[in-house]
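Q: Give me a model of this one.
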Amino acid sequence: MTATDRLSTHAPTPGTRLGRYTVERVEALPGVQATFIQLRHDLGAQHIHIARDDDNQTFAVFFPTVPTDSTGVAHILEHTALMGSRHYPVADPFFAMIPRSLSTFMNAMTASDWTTYLYSTRNRADYFNLLGIYLDAAFFPLLRYESFRRDGHRFENADPADRDSELKMQGVVYNEMKGAMATPSSVLWKAVQKALYPDLTYANNSGGEPAEIPNLTYQGLKDFHAAHYHPSNAYFYTYGNLELTEYLDAIEAGVMAHFEASELDVSIPDQPPFTEPKELTASYPSSDTERGAQALVAWKLGHSFDPDLNLRWSVLSEVLLGNPAAPLTRPLIESGLGSALSDGSGYHDSFREGAFAVGLKGLSAEKAPAVQALVLETLERIADEGIPAELVDSALHQFEIAQKEVSNAGWPYSLKLMFRAVGPWLYGGDPLDGLNLDAALERLRLARAEGPVFEDIIRRELLNNPHRVSLTLSPDPAMQQQQAEAEREMVQRLSAGFDDEDRERIVAEAVSLLADQDRQDDVSLLPTLSLNDVTRKVARPLYTTEQAGGALVGRVDQPTSGLVYLDVQVRLPELSEDELELLPLYAFAVTRSGAAGHDYVALTRRVEAVTGGVSASASVGTGPESLDDLRVSLSFGGKALSRNAAELVSVLRDVVATPEFDAGRLEQLVKQRVAGQKASIVSGGNAYAGRLAAAQLSVEAALEERQGGLTALTRLEALVESGDWAGSVARLNALHTRILEGQARLCLTASGDDLKLDLGRLTGLFAGHAAEHVTAPLTPRTPQARTTDTPVAYNAVAFLTVPYTHPDSPALLALARLLSSEYLLKELREKGGAYGGGAGYDARSGVFRMTSYRDPNIGRTFGVFRQAREFLNGPLGERELTEAILGASKGLDPLTSPDTVGRMRFYGDLSGYTPEVQEAFLERLLKVNLDDLKRVMDAYLTPDKAAYALVAGKDPNPETEAEGLKFEVAAI
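A: Model prediction:
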């Protein structure tokens, strides 16, 4: 009997009572080898359990939360609930548990109409440790006033101890949302929600509008918790291979036994339909008036929990927008009005009534009416001409792959299943509809046999639907300054009546809050693991190798659920500096262009019809023994159902061997890439700043920055300005010739007869030459600042240390974890008000970084970075060391799945990161002591070895002068 059979055999029958739970339904999920069990507690709590032979145990609890304003109450509550509870009265159990756990996922999230607390781990003891923390935090939080002030909002002087210094508004969520609402995607989508659902909770910003967050009172926070966080309003999700009663008994003891049933009304009604379409405008802070606008058309649809509507809209969205050749995407892009689909384009089932939106970004605001007209004209033409059946078949083919694939890539698979079920579940539908599409697919098949389906949907729910909004999002160069002035005026207005006593109180509260954050909690109250829980061995999946033509082929036997995965990694020959910089654009363009006599439209449709997608990416890495051993690779990959394995080989062969770059198409792609990269700066500024800093020290980092950082963006923008598309096509073609001179290593992951797949059409393409030495010029060793439209900063300092096999490398990894959890979290987030910050060490690149995220401070933060050595002289003990090592060990034992485990091992072995090398690193890590941490900091992380960079909305030099830092400033 297999483990799956055992779980199915032990599943209860409907009607069974398990304590105060009643089993309502039990269904097999044969497609994913699991059993679905739905239960209801006597208190009204609902519970889904997925019994599956998977040791990655998972927990989540969802609360429908329906804010009636934009003070961010749901979001601030999510933060403060995790900041001390009945049984764990320490300042921040959530962050304190991160280094005490071997979790594979751990977080909390606030959506428009729900809040969830969720985690997963492969360690049984860890699972129940975290369960106790999460249950106590959600249902019995302390909700201290200090926590509300720290993460919500508070008045604080620029110098907290000086009542005469400038009075400011502070708070972690306040600063987080200042950064979030400076991004065009956030501004656009919040405006769309408000426009489509003006009478519902969706009209509010559940995360919080910065101007409204100060309106939230402490009592309002507590009242919101009392109204929403109750078992009668709770939806529990568990997943794993333990006995069901183990999960239920723990939840009963931790929560249910302490409550009585309650009547709660968090229902969301239907939005009254519009009688005519609406037009509106919104603005965000940006100086890019030439290409910074977006134009969008959005509709309210039917109930998202209706399985037939949801499936049909999911399929139709894929048909219309799912790829560059899609019949709505292609005319929009080829119009030249904009450079890429607007943020939020596609079908959204994250509301009780769904939404569909489409438009363009990368344009000037005056072009918005033309875009909106083109959307409607194109939909009219599609409805009149009809949708070719093969496009629908291709979309359904993608759904088939998504249903079959069992992968932990990106997110744990257990959470992917959960989010498929949670939408219909929370809105009153059937959660099983999201997990098993078979019935809805059969109804769709029958409907298609009777006549047109999707053309009627386009006419009825789009063209003839007056519940439509046309939105123009415009960049406003003055808005950042106006928002800063509005914030100052808000502070002045709210403090206008303050007398001397009030000002002294603010100083006293600030000093008290700082003291509270310096207080040493009794963290022995929290459960923990020991170093004995760390897995000492890395995965060793079996694979075979063979030399075929100019390529090495690895074949990995894994239970891939009827899918085949194929990867082609090309170690490149000696390339010029220009070719190295061009490589990422080649990778971006090669799978989005034509090949083998087919234009990009024909190739895209072929890819959709027979594969689950193909991709290409450029990568840079070093060997385990030397940071100068730089390797540059170009990788191609794809997946397909078993029946299409040979077609996958054929598609990849055409893309790799005979790509066809076209000047017109390349112009579209470069403009899309520029738009995408610019959009990512404000949301990922810490990554860009970290690259800028490391590029001053590390050859690998310098090349990565020139390939994917702000330097790469500048180069692409210059290409757009020059318009030299014919010359760029010639450069790509020349680079293609060089790529085929490289050394290929193919990895096939499959099962059964699929492992015998003939790869000859790929293996003979390459000459087999790999560069012996790769280098790149370092950025000048000068602090670098890049300014853009953001009210917060992203600060970074970097150091170059040692290669992977060096004896000090494990200590540096542990040091990064220690500084993050014990020092930087408190200094940057708790005291400084930044949304995030920490230290990171990439043992394979040898680069050590400290960064901050959505940070209201600049000078103070660089001072914090510099004072890290003094922190190590403080009262650190075995607890802090053990937790640092535990946290560091998680990255050495990542969560894998059949699609990734063999590929990681095959390519890891080829690059020198063998199991023996990795296990030796782990053994050294487990022996690190506190003296080692101080020693490696003194050896490698001194101010004279530091490189600095930041991304911010202003010149940082007035604030960094006291730190002796002078930044070279350039606008993005």
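Q: What are the boundaries of the helices in the stretch 751-900 of the chain?
A: Along the stretch 751-900 of the chain, the segments classed as helices by DSSP state H, counting those that start in this stretch run 760-763, 809-818, 859-866, 868-872, 878-890, 898-910.
Q: Just name the most buried of those helices.
A: Mean neighbour counts were compared across the helices of the stretch 751-900 of the chain using mean count of other CB atoms under 10 Å; the top stretch is helix 809-818, at a mean of 27. Every C-beta, even on glycine, is put in place using the N, C-alpha and C of the backbone.
Q: Just name whatever secondary elements it is in contact with.
A: The contact analysis (3 or more CB pairs under 8 Å, 6 or more residues apart in numbering; DSSP states H and E) places helix 809-818 against strand 836-842, strand 847-853, helix 878-890, helix 915-926, helix 930-940.
Q: Name the surrounding residues that touch that helix.
A: Taking CB atoms under 8 Å, 6 or more residues apart in numbering as the criterion, the residues outside helix 809-818 that touch it are 99, 801-803, 838-841, 843, 846, 848, 876, 880-881, 883-885, 887-888, 891, 921-922, 924-925, 928, 932-933, 935-937, 940.
Q: Residue for residue, what is the longest strand the chain has?
A: strand 626-641 (DSSP state E).
Q: can the helices of the stretch 751-900 of the chain go into TSV with extra columns for mean pLDDT?
A: As requested, those are exported to TSV (pLDDT from 0 to 100):
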stretch	mean pLDDT
helix 760-763	96
helix 809-818	98
helix 859-866	97
helix 868-872	95
helix 878-890	95
helix 898-910	97
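Q: So residue 237, which state does it fall into?
A: strand (DSSP: H, G, I helix; E, B strand; the rest coil).
Q: I'd like to know how many residues surround it.
A: Residues within reach of residue 237, counting by other CB atoms under 10 Å, total 26.
Q: so what's it bridging to?
A: Note on residue 237: beta-bridge partners residue 48, residue 60, judged by DSSP bridges.
Q: wait, doesn't it sit right on residue 420?
A: No. In this structure, residue 237 is not within contact of residue 420 by CB atoms under 8 Å, at 11.3 Å.
Q: And the pLDDT for the spatially most central residue of the chain?
A: In the chain, the C-alpha nearest the mean C-alpha coordinate belongs to residue 410, at 8.1 Å (CA atoms, centre = their mean). Model confidence at residue 410, given as pLDDT, is 91.
Q: With adjacent residues omitted, what lies nearest to residue 943?
A: Beyond its immediate neighbours in the sequence, the residue positioned closest to residue 943 (CB to CB, 6 or more residues apart in numbering) is residue 866, lying 6.2 Å away.
Q: One more: residue 830?
A: Computed as CB to CB, 6+ apart, the closest residue to residue 830 that is not its neighbour in sequence is residue 517, at 4.5 Å.
Q: what's the burial count for the one you found?
A: Applying the criterion other CB under 10 Å, we find 17 residues in the vicinity of residue 517.
Q: that older thread, and the longest strand of the chain, which strands flank it?
A: Paired strands of strand 626-641, with direction, are strand 563-571 (antiparallel), strand 614-623 (antiparallel) (DSSP bridges).
Q: And the next helix-or-strand element following the shortest one, what does it pack against?
A: It stands for strand 563-571. Of the helices and strands lying after strand 563-571 in sequence (DSSP states H and E), the nearest is helix 577-590. Secondary structure elements in contact with helix 577-590, counted by 3+ CB pairs under 8 Å, 6+ apart, are strand 614-623, strand 626-641, helix 663-683, helix 699-708, helix 710-722, helix 725-739.
Q: contacting residues around the fifth one?
A: It refers to helix 710-722. Residues contacting helix 710-722 (CB under 8 Å, 6+ apart): 581, 584-585, 667, 670-671, 673-674, 677-678, 681, 688, 691-692, 695, 705-706, 728, 779, 786, 972.
Q: can you map out the helices along the stretch 251-400 of the chain?
A: Going by DSSP H, counting those that start in this stretch, the stretch 251-400 of the chain shows helices at 307-321, 329-334, 368-385, 389-404.
Q: can I have the longest one written out in CSV, keeping just the CAs?
A: Taking Å, rounded to 0.1, in the frame of the first residue of the first chain, the C-alpha atoms of helix 368-385 are listed here in CSV:
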residue,chain,number,x,y,z
ALA,A,368,-5.2,57.3,-23.7
PRO,A,369,-8.4,57.9,-25.6
ALA,A,370,-7.0,56.2,-28.7
VAL,A,371,-6.0,53.2,-26.7
GLN,A,372,-9.4,52.9,-25.0
ALA,A,373,-11.1,53.2,-28.4
LEU,A,374,-8.8,50.5,-29.9
VAL,A,375,-9.6,48.1,-27.1
LEU,A,376,-13.3,48.4,-27.9
GLU,A,377,-12.8,48.3,-31.7
THR,A,378,-10.6,45.2,-31.4
LEU,A,379,-13.1,43.4,-29.2
GLU,A,380,-15.9,44.2,-31.6
ARG,A,381,-13.9,42.8,-34.5
ILE,A,382,-13.0,39.6,-32.5
ALA,A,383,-16.6,39.0,-31.7
ASP,A,384,-17.7,39.5,-35.3
GLU,A,385,-14.9,37.4,-36.9
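Q: residues of the helix or strand that contains the residue nearest to residue 830 that come out buried?
A: Element membership of residue 517 [criterion: DSSP H and E] is helix 500-518. By neighbour count with 16 or more other CB atoms under 10 Å, helix 500-518 contains the buried residues 503, 506-507, 509-510, 513, 516-517.
Q: Which secondary structure elements does that helix sit against?
A: Packed next to helix 500-518, using 3+ CB pairs under 8 Å, 6+ apart, are helix 145-151, strand 154-157.
Q: From residue 661, how far out is the residue nearest to residue 830?
A: Taking CB to CB, to the nearest Å as the measure, residue 517 falls 56 Å from residue 661.
Q: Report the buried members of the contacts of helix 809-818.
A: 99, 801-803, 838-841, 843, 846, 848, 876, 880-881, 883-885, 887-888, 921-922, 924-925, 928, 932-933, 936-937, 940.
Q: For this structure, which element, helix or strand, carries the lowest mean pLDDT?
A: Scoring the helices and strands of the chain by mean pLDDT, DSSP states H and E places helix 3-9 at the bottom, with a mean of 54.
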